[in-house]
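Undergrad: structure here, sequence nowhere to be found:
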């Protein structure tokens, strides 16, 4: 059975879009889905690549492009006023959620809060409030975040070592794909795998 | 009737892919197609954006991604050994071809030579040879190229002023689209226009 690895960072809007698509793709292809949070800033630092928002012309157009994708996919998207917000706490806490068996609902809750509901997930209070709102134990998860500093570094480094330069990042075996706009290629690879 | 403006540079592989798709899209949607050569290097310089090939991780993956697109579209693509070759002569000559009423066959001939047949289109001799091979008057067109320096600068500046940061670049009215991977959005816009 094929496995789809999905590397994502909460600060990446195109990863948010992809987070709303990967489960259906895995279901359609019979693939096992692995949710793998990683630090996109670490990838940019290691590779010398830059976030689109850092270029004015690119950043301006990204808002237009995101709006088109949001409408096509029917995924609500409101660009956060605090973008690019610090996602490192939410990423470390994702590993705590994974250890507690709740990485998938955690991921959807954080993405929805940050990218649809205009909430701040960069602070312990903000993040815990979001998690409590979906029935997760916000205080306990956030408190455990510091235990996963190394796990996040390691997962990020693995992605870099495998060729990452952006997000969302997908692997089907050794085949790498980058971008929400490459999910059709991902699905083809899963069907062929 | 809607108009599809297609801005392209011969050095851009994703523009080459798009050059093999835009005519069918215009035909399907009843749109008028405008072929608009521009200098991608000028766009990068003006906007501070960079060619993908300049980043090692991105450049490596681009070859993989281009191969996937080539297979999907059935468009032959052999990455040029002299990439990134100087495209400015071929771009200026494109305006000469336009004045002679042969911009479309000119464009296809130059793209095919550079991106499928491994030929050098950066020199007067190389370019003229390619043009002669498809029944165009290579010597006359290349000789006229210096007359179109300003036209190329002007067309490039227009694209920059309208928000360009890369290629291929498309406009449907005021709506801008960037990337071969956005042609489905372009087609939707043409249907709605």
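TA: Received it, and whenever you're ready, just let me know what you need. Everything numeric here is computed off the predicted structure, so don't read it as measured data.

Undergrad: quick one: name the residues of chain A near chain B.
TA: Near chain B, the residues belonging to chain A are A:47-49, A:55-58, A:60-61, A:64-65, A:68, A:72, A:163-166, A:176, A:178-179, A:181-182, A:185 when assessed by CB under 8 Å from any CB of the partner chain. Where C-beta positions appear, they are placed from N, C-alpha and C, glycine not excepted.

Undergrad: chain A: strands as residue ranges?
TA: Here chain A has its strands, by DSSP state E, at A:3-8, A:32-37, A:169-172, A:175-178.

Undergrad: what about the closest residue to residue A:55 other than its chain neighbours, neighbour count?
TA: Excluding the flanking residues, the one nearest residue A:55 by CB to CB, 6 or more residues apart in numbering or on different chains is residue B:49, at 5.2 Å. The burial metric for residue B:49, expressed as a neighbour count using other CB atoms under 10 Å in any protein chain shown, is 20.

Undergrad: state the distance from residue B:49 to residue B:131.
TA: Per CB to CB, to the nearest Å, residue B:49 is found 31 Å from residue B:131.

Undergrad: just residue A:63 next, same as before
TA: Using CB to CB, we find residue A:63 at a distance of 42 Å from residue B:131.

Undergrad: out of those two, which sits in the more crowded spot?
TA: residue B:131 (26 against 12).

Undergrad: hang on, the earlier thing: Throw the strands of chain A into CSV and include mean neighbour count, thanks.
TA: Converted to CSV, these look like this (neighbours: other CB atoms under 10 Å in any protein chain shown):
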stretch, mean neighbour count
strand A:3-8, 23
strand A:32-37, 18
strand A:169-172, 24
strand A:175-178, 20
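
Undergrad: okay if I get these as JSON lines plus mean pLDDT?
TA: Supplementary listing: these in JSON lines, determined by pLDDT from 0 to 100:
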{"stretch": "strand A:3-8", "mean pLDDT": "98"}
{"stretch": "strand A:32-37", "mean pLDDT": "98"}
{"stretch": "strand A:169-172", "mean pLDDT": "98"}
{"stretch": "strand A:175-178", "mean pLDDT": "98"}
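
Undergrad: nearest to residue B:91, out of those strands?
TA: When these are ranked by proximity to residue B:91, the top entry is strand A:175-178, at 29.4 Å, counting by CB to CB.

Undergrad: can you give the distance of the closest one from its chain's centre?
TA: Distance of strand A:175-178 from its chain centroid, counting by CA atoms, centre = their mean, to the nearest Å, is 15 Å.

Undergrad: isn't residue A:191 right up against residue A:31?
TA: No - in this structure, residue A:191 is not within contact of residue A:31 by CB atoms under 8 Å, at 9.2 Å.

Undergrad: when the two are compared, which one has more neighbours?
TA: Regarding residue A:191 and residue A:31, a neighbour count based on other CB under 10 Å identifies residue A:31 as having more, with 22 against 13.

Undergrad: hang on, the earlier thing: using CSV, lay out the strands of chain A together with distance to residue A:15.
TA: Formatted as CSV, the strands of chain A follow (distance: least, CB to CB, whole Å):
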stretch, distance to residue A:15
strand A:3-8, 4
strand A:32-37, 10
strand A:169-172, 8
strand A:175-178, 11
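
Undergrad: can you map out the helices along chain A?
TA: With DSSP state H, the ranges of helices along chain A come out as A:13-19, A:22-29, A:40-47, A:56-73, A:88-99, A:103-115, A:124-133, A:138-144, A:149-161, A:183-192.

Undergrad: so which elements touch the third one?
TA: Translated: helix A:40-47. Helix A:40-47 is packed against helix A:149-161, helix B:56-73, with contacts defined by 3 or more CB pairs under 8 Å, 6 or more residues apart in numbering or on different chains; DSSP states H and E.

Undergrad: the ones you listed into CSV, with extra columns for mean pLDDT?
TA: Putting the helices and strands packed on helix A:40-47 into CSV (pLDDT from 0 to 100) gives the following:
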stretch, mean pLDDT
helix A:149-161, 98
helix B:56-73, 97
